[in-house]
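Enquirer: Quick check, what structure comes out for this input:
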Amino acid sequence: MREAASRQVPKERLHVVVHAVDAVRQLRALGITPVMLTGDNARTGAAIAALLGVECRADLMPDD
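Expert: Numbers count the residues shown, from 1 in each chain. Next up is the predicted model:
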């Protein structure tokens, strides 16, 4: 996952993605299934979720 992320993310933001990928891996090791919840549109959410290897629920509002 880390290698794929490094090819798709601008260099100045890569450290954030690498830490997020590691966090997702640690959560899974604990038996937790991470899901990304975002107010971003579905396309943006899906792109970020794909980098992290998680499910995404997008277009959400605070009351959701």
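
Enquirer: Could you tell me the end-to-end distance of stretch 26-33?
Expert: By Cα to Cα, to the nearest Å, the extent of stretch 26-33 from end to end equals 10 Å.

Enquirer: neighbouring contacts of it?
Expert: Here stretch 26-33 makes contact (Cβ atoms under 8 Å, 6 or more residues apart in numbering) with 34, 55. In this view, the C-beta of every residue, glycine as well, is placed from N, C-alpha and C.

Enquirer: For the chain, name the helix or strand with the lowest mean pLDDT.
Expert: Least confident helix or strand of the chain, by mean pLDDT, DSSP states H and E, is helix 2-8 with a mean of 53.

Enquirer: Quick one: name whatever helix or strand follows that helix.
Expert: helix 14-29 (DSSP states H and E).

Enquirer: Distance from that next one to the middle of the chain?
Expert: 8 Å (Cα atoms, centre = their mean, to the nearest Å).

Enquirer: what mean pLDDT does that helix have?
Expert: Mean pLDDT, helix 14-29: 90.

Enquirer: again with stretch 40-51
Expert: Mean predicted confidence for stretch 40-51 is 92.

Enquirer: I'd like the distance from that stretch to the chain centre, please.
Expert: Centroid displacement of stretch 40-51 relative to its chain, using Cα atoms, centre = their mean, is 8 Å.

Enquirer: Can I get that stretch in PDB, CA atoms only?
Expert: The C-alpha coordinates for stretch 40-51 follow below in PDB (Å, rounded to 0.1, in the frame of the first residue of the first chain):
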ATOM      1  CA  ASP A  40     -16.300  15.400   0.400                       C
ATOM      2  CA  ASN A  41     -17.900  14.200  -2.800                       C
ATOM      3  CA  ALA A  42     -17.900  10.500  -3.600                       C
ATOM      4  CA  ARG A  43     -15.100  10.800  -6.200                       C
ATOM      5  CA  THR A  44     -12.700  12.600  -3.900                       C
ATOM      6  CA  GLY A  45     -13.600  10.300  -1.000                       C
ATOM      7  CA  ALA A  46     -13.100   7.200  -3.100                       C
ATOM      8  CA  ALA A  47      -9.700   8.400  -4.300                       C
ATOM      9  CA  ILE A  48      -8.400   9.000  -0.800                       C
ATOM     10  CA  ALA A  49     -10.000   5.800   0.500                       C
ATOM     11  CA  ALA A  50      -8.300   3.800  -2.300                       C
ATOM     12  CA  LEU A  51      -4.900   5.100  -1.200                       C
END
